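A.B. asks: with the input below, show me the fold.
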Amino acid sequence: MGRISLEGKDETITEVVVGWDPPLNCFFVQVYRAVPDDCDDDSPFMWRWPVSLQDALAVVKVYADTNVVSIDVVTQKLLRQAHEAGALNPCGEEPPICTGGPAEKVCGDCSENPDKA
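C.D. replies: Now for the predicted structure:
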């Protein structure tokens, strides 16, 4: 599972984690908030999975400090993770969301698709 760890936007959010889950062919996003020292609960207060790339980025924009890492850099890293996992087709279209099986690698109307008649 590819993970990108981002700083929270303010002191109430400690971390935002976003990435690509190769076995399930989907993006995910987790948001962690600050908890009191006497609290043992370190689970995320928000965990969205599966999500589209746009939905994952929307959560990043709300909770992560995009002054430290720009949203464009996060987008490129997420697309690279999905591509390296074999989820992007030759045209670079967004990968499918949680197909539960191998990702489709052939796009519909692409001149790069040698099998397209």
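
A.B. asks: note down every partner strand of whatever helix or strand residue 18 lives in and its orientation.
C.D. replies: Using DSSP states H and E, residue 18 sits within strand 13-21. According to DSSP bridges, strand 13-21 forms sheet pairs with strand 2-7 (antiparallel), strand 26-33 (antiparallel).

A.B. asks: redo these as CSV? Include mean neighbour count, mean pLDDT and distance to residue 57.
C.D. replies: Yep, even glycine has a C-beta here, placed from its N, CA and C like the rest. Shown next, in CSV, are these (neighbours: other CB atoms under 10 Å; pLDDT from 0 to 100; distance: least, CB to CB, whole Å):
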stretch, mean neighbour count, mean pLDDT, distance to residue 57
strand 2-7, 16, 93, 11
strand 26-33, 22, 92, 9
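
A.B. asks: give the buried residues for the strand holding residue 18.
C.D. replies: Neighbour counts over strand 13-21 (16 or more other CB atoms under 10 Å) mark 13, 15, 16, 17, 18, 19, 20, 21 as buried.

A.B. asks: enumerate the beta-bridge partners assigned to the residue nearest the centre of the chain.
C.D. replies: For the chain, the residue nearest the mean C-alpha position is residue 19 (3.5 Å; CA atoms, centre = their mean). Judged by DSSP bridges, the bridge partners of residue 19 are residue 3, residue 28.

A.B. asks: surely residue 31 meets residue 16?
C.D. replies: Yes. Counting by CB atoms under 8 Å, residue 16 is a contact partner of residue 31 at 5.3 Å.
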